[in-house]
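> build the 3D model from these lines:
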Amino acid sequence: MLSGEVLDLGLRLFMASIVKCLPVALAVQLVGQLASIQGFLLTGRGARPAADPLWWSLMLVAFAAAAIGLALIMRLQTATGTAEFSFAAAARATLRQASPVVAIAIAVVLAVAAGLALLVLPGVYLMVALSMAMPSLVNEGLAPLPAMRRSFSLIRGHWWRTASMLLVALVAVIVVYFVLWTVVLLVAQLFGAADLALVSALTAVVLAIVGATLLPLFAALLLVMHADLVLRSALAGHEGKPVAA
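Modelled structure (predicted):
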């Protein structure tokens, strides 16, 4: 498939599955706000309390929830439109896989962070090269390290193509944020821009909705890109040569 077709299929999968996936994404957003609430209660600013173990614990819980939520959303999207679809079954399968899911999320984040610390470019390369690790773990049932190796294998020869699609998705996210932020400012003007509490509340609501919407979109794009790369890898192995973009 061409890059545009892959992105279009990802958008179609997102639209077809958003109703089923949105509750999961909203729950992830809610868990992600717990650390901010804790910081606000202790400091009045929502900032990180100094040496507060509870804050750090809540941050770790939020990270784990995001990883497990992403995996569950991927399972729901994979089953969308099939007779086998079952939220309960997808949830049970994801919970059984919770430890590997969190482990691979930590491994990918640490690898990318280390790469970014080494003159940035290694981190950018790893960010793309490991982008298929989570779909490989969820859809192919691989353990964390084999899933990371699988991602490297799938991306080999397609790094620039994958990076360009991820960049398009990132630009789309930025545009959505900009548009919604503009809407928030307009609404604030209508109801009184001087009301800081109103602006803050609107901003929090918009960011929560956008975050909850973008997680299923990100998952759908990764799934379709993963399926495309798996197909290309199979064709390349069958024909003994790389598949052209």
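> check the offset of the longest helix seen in the chain from the chain's centre.
Criterion DSSP state H: the longest helix present in the chain is helix 196-239. In this view, helix 196-239 has its centroid 5 Å away from the chain centroid, taken as Cα atoms, centre = their mean, to the nearest Å.
> does anything pack onto that helix? Which helices or strands?
Contacting helix 196-239 under the criterion 3 or more Cβ pairs under 8 Å, 6 or more residues apart in numbering; DSSP states H and E are the following elements: helix 3-32, helix 53-79, helix 133-140, helix 144-155, helix 159-191. Any C-beta I mention is one placed from the backbone N, CA and C, and that applies to glycine too.
> just the mean pLDDT for stretch 16-34, thanks.
On average, the pLDDT along stretch 16-34 is 90.
> no wait, stretch 56-73
The pLDDT scores in stretch 56-73 average 93.
> deepest-packed of the helices and strands packed on helix 196-239, please.
Of all the helices and strands packed on helix 196-239, helix 133-140 has the most neighbours on average by mean count of other Cβ atoms under 10 Å, namely a mean of 23.
> ok, and the closest non-adjacent residue to residue 219?
Ranked by Cβ to Cβ, 6 or more residues apart in numbering and with sequence neighbours excluded, the top spatial neighbour of residue 219 is residue 73, at 4.4 Å.
> now residue 93
In space, and not counting its chain neighbours, residue 93 is closest to residue 75: 6.1 Å by Cβ to Cβ, 6+ apart.
> now swap in residue 63 and tell me
Nearest non-adjacent residue to residue 63, counting by Cβ to Cβ, 6+ apart: residue 105, 7.1 Å away.
> quick one on the thing from earlier: the longest helix of the chain vs helix 159-191, what angle?
Using axes from the mean of the first three to the mean of the last three Cα atoms, to 10 degrees, the direction of helix 196-239 lies 160 degrees away from that of helix 159-191.
> just to revisit the earlier point, can you put the helices and strands packed on helix 196-239 in TSV and add distance to residue 120?
Listed next are these as TSV, based on distance: least, Cβ to Cβ, whole Å:
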stretch	distance to residue 120
helix 3-32	25
helix 53-79	23
helix 133-140	21
helix 144-155	19
helix 159-191	14
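> closest one to residue 111 among those?
helix 144-155 (8.0 Å; Cβ to Cβ).
> export the closest one to PDB, keeping only CA atoms.
Listed next in PDB are the C-alpha coordinates belonging to helix 144-155 (Å, rounded to 0.1, in the frame of the first residue of the first chain):
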ATOM      1  CA  PRO A 144       9.200  -7.800  24.900                       C
ATOM      2  CA  LEU A 145      12.700  -8.400  23.500                       C
ATOM      3  CA  PRO A 146      11.600 -10.500  20.500                       C
ATOM      4  CA  ALA A 147       8.900  -7.800  19.800                       C
ATOM      5  CA  MET A 148      11.600  -5.100  19.800                       C
ATOM      6  CA  ARG A 149      13.800  -7.200  17.500                       C
ATOM      7  CA  ARG A 150      10.700  -7.800  15.300                       C
ATOM      8  CA  SER A 151      10.100  -4.000  15.100                       C
ATOM      9  CA  PHE A 152      13.700  -3.500  14.000                       C
ATOM     10  CA  SER A 153      13.300  -6.200  11.300                       C
ATOM     11  CA  LEU A 154      10.000  -4.800  10.000                       C
ATOM     12  CA  ILE A 155      11.400  -1.200   9.800                       C
END
